[in-house]
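*Asks:* This is a predicted model, with the sequence first.
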Amino acid sequence: MWSLWSWNATTPSDSHIDFSVQTATTLAGLSSAPSDRLLFSNPPGPTVLAGQTASAHAANQPPGTPNTEIGAADVDNTFVVNNRPRRNAYVRITSTLVPSSDQTQTALLASWNLQMDCVPSQ
């Protein structure tokens, strides 16, 4: 089962990184699989953002939000919410880097990691 997607990013000004997820039974199937915005979950939090679309951004971008430049979300939670298969062999996470509104600065995805939990075969 696909589990925790985590990232470390730098998002100057109001630049940000949005994440979406797809799943399929084959590699070729990913090209036509539905794409869903990844959702923050609790755990890992932040609790105030649970259920909202996952995005890496600096504190207060948008106003009143916590810093999620270092963050994580449970991919399985997004699959459950969107009624997608949870145990497909293939998954694709797309990271969309969005520049600042004045087009002078861009986000940087420095590192990422996707964990999976193996289900016992018996």
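*Replies:* Yep, it's here. These figures come from a predicted structure and were not determined experimentally. Numbers count the residues shown, from 1 in each chain.

*Asks:* Quick check: phi and psi on the residue nearest to Leu39 when sequence neighbours are not counted?
*Replies:* Closest residue to Leu39 apart from its sequence neighbours, by C-beta to C-beta, 6 or more residues apart in numbering: Thr78 at 4.8 Å. C-betas here are computed from N, CA, C, even on glycine. Note on Thr78: backbone dihedrals following degrees, to the nearest 10 are phi -60, psi -40.

*Asks:* Test my guess that Thr78 contacts Leu38.
*Replies:* Yes: the pair Thr78 / Leu38 is scored as a contact, 5.3 Å apart, by C-beta atoms under 8 Å.

*Asks:* Now the common contact residues for these two.
*Replies:* Common contacts of Thr78 and Leu38, defined by C-beta atoms under 8 Å, 6 or more residues apart in numbering, comprise Val21.

*Asks:* Just want to check the distance between Ile16 and Thr65.
*Replies:* No, residue 16 isn't Ile; it's His. 10 Å (C-beta to C-beta, to the nearest Å).

*Asks:* so how far is Asn82 from Thr23?
*Replies:* When distance is defined by C-beta to C-beta, Thr23 is 10 Å away from Asn82.
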